[in-house]
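Colleague: What follows is a protein structure lacking sequence information:
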């Protein structure tokens, strides 16, 4: 009898230690430090009236496209710039999340990582759980390039790096996608954090998709596929 109780006690302790070990493998949620760059006057109501979003001071709105609800920059041809997306969770094969918070941001990041691995998306920096103020999100970085035609009609290709910040509100994914020249993310990353922190959600209930989508819009932001709108 004593040996049985002893064995049960050891088993219970082993389960507790195993649980602690599993939880300790997750990194802490990184908190973005203040101060952040100031924002200009918000635009919209975007995404069918769900959202107000503001560009950094000194930037301007470059208008929406079929796949983007907003674009910010100093002009159309220079970096840095920010693209804003609104998508359904199903676009990334993720479900069961209504809003990101401390309890689910890690699991959301793990699902996103698994989906990127399934699609063969190569990242410069892995998906990481973060927060700014009381807003929780995930962050990752990838390399890409975009092309435009110059005034003579000659295509030019620019290589960029992209800091992608994703949050979930009312069952929809909102992405703040910062594009910069290679190796300059540390100089500009706070612009993305500030825009994300400044998102103001107006409707608590999800509605139908506001942005028309096709097969390309349902892909994650992968290298070498995106052009300026």
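Modeller: All right, it came through fine. In this text, all values refer to a predicted model and were calculated from it rather than measured experimentally.
Colleague: Just checking: what are the partner strands of the helix or strand containing residue 137?
Modeller: Residue 137 is part of strand 135-149, with elements assigned from DSSP states H and E. Strand 135-149 sits in its sheet next to strand 125-132 (antiparallel), strand 155-169 (antiparallel), going by DSSP bridges.
Colleague: Now the element after the longest one, going C-ward?
Modeller: The C-terminal neighbour of strand 155-169 among helices and strands, as given by DSSP H and E, is strand 172-180.
Colleague: what kind of secondary structure is residue 193 in?
Modeller: Secondary structure, DSSP: H, G, I helix; E, B strand; the rest coil: residue 193 is helix.
Colleague: Could you tell me how far residue 70 is located from residue 29?
Modeller: With distances taken as C-beta to C-beta, to the nearest Å, residue 70 is found 27 Å from residue 29. The C-beta positions use only the backbone N, C-alpha and C, and glycine is treated the same way.
Colleague: more neighbours, the two?
Modeller: Between residue 70 and residue 29, counting by other C-beta atoms under 10 Å, residue 70 is the more crowded of the two (24 against 16).
Colleague: Backbone dihedrals for that one, both of them.
Modeller: phi -160, psi 150 (degrees, to the nearest 10).
Colleague: tell me the pLDDT at residue 27?
Modeller: Looking at residue 27, its pLDDT is 80.
Colleague: From residue 200, how far out is the residue nearest to it when sequence neighbours are not counted?
Modeller: Spatial nearest neighbour of residue 27, excluding adjacent residues (C-beta to C-beta, 6 or more residues apart in numbering): residue 128 at 6.9 Å. Plainly put, residue 128 is 24 Å away from residue 200 if you go by C-beta to C-beta.
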